[in-house]
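> no sequence on this one, just coordinates:
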């Protein structure tokens, strides 16, 4: 049996859903960011797989994967800076305890 | 045959350690499990002949983002969070939503017949990517540098202690 | 051409066993002996002298001793991570060697992204060190791990800048092609001298050697991130560190000193002469310079080496383009 | 050929892990084991250890790793540029000049705001 596009798509769907699960259920903001990183990785697998199987002549998929990696790094940097700021001011990194805006 | 075996092994590495990432009660173990996940995904890139992207994946994800996450864990909760509940009340709902979404996505993927484009991947992807960035994707390339600048400034402003 | 996959797997396993044994014997064991002998020579003392002729078997004896040692796991440690961390460091040190060309045809694999691969594997070491420092649950170890990690990430960037300058000069990332390019254009240590200087400083810092050995400063931090490690687990950290140091020396040889090229003597001999010259230089530095302070160390990287590296990339680009 | 190259990388990783774990297994089988509470105590320069090591550290570590991640990402764009710019001529050089200048502005900003200061 040959490995085809569908195989990669299924693996990336599973990876994406694992990331989503972390985002939905974790209390620790850092763990939520890790979930987002997993989702971005899943998206990257899709991009590169489509590049190979659907449009091999152009390299747009791989180029976009690089841009997504860049975005992931920026997101991690800014997101974790927010976590640090929240920890400094509120002494917690648990998102369900950060509820000052809630009345 | 060999390709299928490699695919199964690499996907298993990525998915099993991703399960550890999302379920472990110890946040440091979660963060360290990210490394095998990223390396498994790197292997998938290799199977997809995206050599350059694979190298970048190791350099950025495994070598930089994981380190950043580990630093933040040690600067905030660290190992002291071991006895703290790590999940919120919506575990059941989250699990349900996740399983439904996974089922939907896989169902869609199995039913769709993807078109196959003409041509072949270039042998030497690093060079081809460089060409793409400097010719057709030049706007993305320059905007990326602005994005990096903005996020650097933003993150420094947010993280710095006010004097 | 069809590839005989099972045969290739067997060949790969053999190559891995050979390279790993080579690193453990020629790299770590001989490296430690050289370090002590050269240290003795520079400081006008004898160094190891009793085991074997002129102390030549000292590290063999040390290895046997370490093999018999008890593994002590501190009760407060995170056992799973504590055991995995030395493995990560050792394997990352091994993987660097895949792209090092010893002689024509004598390279494990000439990867298309060779230099980038090297940088990526070197960056994995940081994770192992941070994990080891954290898992010990010891204040010295954790502080050593954090310091080590922040030092290594700081110097990764100047290192990458030097690698990129070389890649620009040669127009490729493959290590074999870089050596070939130097046969045509002359050693890059001449044309890329600033890059060579940046590379050597950054490589010394990257492998945590004096004058950048702050993370494992015995007098301040006990032994840094491996304070709690005993026996073979400690030896694996040492092995990883020496493998990394020799890999850096080998990469410097490949990128700047013309690799295996040289007159009269066989290529392999030239390669080892150049590599050991750089190793000797690193050891010489260790016994000559005092340790830097943490703020001096970070300033050197961020305020001098990184801007200098980026400007040098622009200068090189300008020179080649116009 | 590409898959063959990386087969070696994979095999090296697996064999390396096995060979690094082998001495640990030997030790596990051969070396003596007499753990007692005093021996397994965390080392703290001869003082009885107090508390956990897992406390909080200086926020400086975060700022350095943040600047590192941003510049590491910048570097990944330099690699492909470095190997093709000769073929593409002046245009490619000018593009990279703009890219690098924007990022040097970022470095200057981080410097100015004291993100690169340890003390």
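Okay, I see it. All figures in this text were calculated on a predicted structure; none of them were measured in a lab. Numbering: from 1, shown residues only, chains lettered A, B, ... in the order given.
> for the rest of this, base every contact and every neighbour count on C-alpha atoms.
Fine.
> so which residues on chain B come close to chain C?
B:2, B:29, B:32, B:51-52, B:55-56, B:58-59, B:62-64, B:66-67, B:70-71, B:124, B:126 (Cα under 8 Å from any Cα of the partner chain).
> got phi/psi on residue B:56?
phi -70, psi -40 (degrees, to the nearest 10).
> give me the nearest residue to it, chain neighbours excluded.
Using Cα to Cα, 6 or more residues apart in numbering or on different chains and skipping residues adjacent in sequence, the residue nearest residue B:56 is residue D:76, 6.7 Å away.
> wait, that neighbour sits on residue B:57?
No: with contacts counted by Cα atoms under 8 Å, residue D:76 stays clear of residue B:57, the gap being 10.0 Å.
> who has more neighbours out of the two?
Remark: of residue D:76 and residue B:57, residue B:57 carries more neighbours, 24 against 21, as counted by other Cα atoms under 10 Å in any protein chain shown.
> relative to residue B:65, how far out is the more buried one?
Residue B:57 sits 10 Å away from residue B:65, taking Cα to Cα, to the nearest Å as the criterion.
> swap in residue C:164?
21 Å.
> now the closest residue to chain D within chain B. Its backbone dihedrals?
The minimum distance from chain B to chain D, using Cα to the nearest Cα, falls at residue B:130 (4.3 Å). Main-chain dihedrals, residue B:130, degrees, to the nearest 10: phi -60, psi -40.
> you'd agree residue B:76 is up against residue A:84?
Yes: assessed by Cα under 8 Å, residue B:76 is found in contact with residue A:84 at 7.1 Å.
> quick one: contacts of stretch C:189-196?
The contact list for stretch C:189-196, computed with Cα atoms under 8 Å, 6 or more residues apart in numbering or on different chains, reads C:161, C:162, C:163, C:165, C:166, C:252, C:256, C:257, C:309, C:312.
> of all those, which comes closest to chain A?
Nearest member of these to chain A, counting by Cα to the nearest Cα, is residue C:161, at 18.3 Å.
> setting aside sequence neighbours, what's the nearest residue to the closest one?
Residue C:161 sits nearest to residue C:309 (Cα to Cα, 6+ apart), 5.4 Å away.
> and if you look at residue C:269?
residue C:260 (7.9 Å).
> residue contacts, that neighbour?
Residue C:260 touches C:101, C:102, C:103, C:104, C:179, C:254, C:267, C:268, C:269, C:270, C:271, counting by Cα under 8 Å, 6+ apart.
> could you count how many residues lie near the residue nearest to residue C:161?
Neighbours of residue C:309 under the rule other Cα under 10 Å: 24.
> distance of residue C:227 relative to chain A?
Applying Cα to the nearest Cα, to the nearest Å, the value for residue C:227 to chain A is 28 Å.
> state the phi and psi torsions of that residue.
phi -50, psi -40.
> going by distance to residue B:115, which of the contacts of stretch C:189-196 wins?
residue C:163 (40.6 Å; Cα to Cα).
> list the contacts for the closest one?
C:115, C:195, C:199.
> just to be sure, it is in a strand?
No: using DSSP: H, G, I helix; E, B strand; the rest coil, the assignment for residue C:163 is helix, not a strand.
> what does chain A put close to chain D?
A:70, A:73, A:74, A:77.
> the third one reaches residue D:72, doesn't it?
Think residue A:74. No: in terms of Cα under 8 Å, residue A:74 does not count as a neighbour of residue D:72; the distance is 11.1 Å.
> can the lowest-mean-pLDDT helix or strand in chain A be found next to chain B?
Sorted by mean pLDDT, DSSP states H and E, the helices and strands of chain A end with helix A:60-90, the least confident at a mean of 89. Yes: part of helix A:60-90 sits near chain B under the criterion Cα under 8 Å from any Cα, namely A:62-63, A:65-67, A:69-70, A:73-78, A:80-82, A:84-85, A:87.
> any stretches of chain D with poor pLDDT?
Across chain D, the ranges flagged by pLDDT under 70 are D:1, D:38-41, D:43-58, D:119.
> would you map out the domains in it?
D:2-40, D:59-113 (automatic domain parsing).
> cool, chain B as well?
Using automatic domain parsing, chain B is parsed into the domains B:1-87, B:123-163.
> the first one: end-to-end distance?
So the one you mean is domain B:1-87. End-to-end distance (Cα to Cα), domain B:1-87: 41 Å.
> and it, average pLDDT?
For domain B:1-87, mean pLDDT rounds to 86.
> with stretch B:111-122 instead?
Mean predicted lDDT for stretch B:111-122 stands at 80.
> got a list of contacts for that stretch?
For stretch B:111-122, the external contacting residues (Cα under 8 Å, 6+ apart) are A:52, A:53, A:54, A:55, A:56, A:57, A:58, A:59, B:49, B:128.
> switch those over to a markdown table; also include neighbour count and secondary structure.
What follows is the contacts of stretch B:111-122, written out as a markdown table (neighbours: other Cα atoms under 10 Å in any protein chain shown; DSSP: H, G, I helix; E, B strand; the rest coil):
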| residue | neighbour count | secondary structure |
| --- | --- | --- |
| A:52 | 24 | helix |
| A:53 | 20 | helix |
| A:54 | 18 | coil |
| A:55 | 19 | coil |
| A:56 | 20 | coil |
| A:57 | 15 | coil |
| A:58 | 20 | coil |
| A:59 | 21 | coil |
| B:49 | 22 | coil |
| B:128 | 20 | helix |
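> name the nearest of the residues you listed relative to residue C:134.
After measuring the contacts of stretch B:111-122 against residue C:134 - Cα to Cα - the closest member comes out as residue B:49, at 36.3 Å.
> quick check: closest non-adjacent residue to that closest one.
residue D:2 (7.3 Å).
> report how many residues lie close to the one you found.
As a burial measure, residue D:2 scores 15 neighbours (other Cα under 10 Å).
> residue contacts, residue B:73?
A:30, B:27, B:28.
> I'd assumed residue A:31 was in contact with the second one.
Okay, so that is residue B:27. Yes: between residue B:27 and residue A:31 a contact is recorded at 7.1 Å, counting by Cα under 8 Å.
> low-confidence ranges, the stretch 1-150 of chain C, go.
Low-confidence segments of the stretch 1-150 of chain C (pLDDT under 70): C:1.
> how about the residues of it by chain B?
So the stretch 1-150 of chain C meets chain B at C:5, C:81, C:112-113, C:116-117, C:119-121, C:123-124, C:126-127, C:130-131, C:146 (Cα under 8 Å from any Cα).
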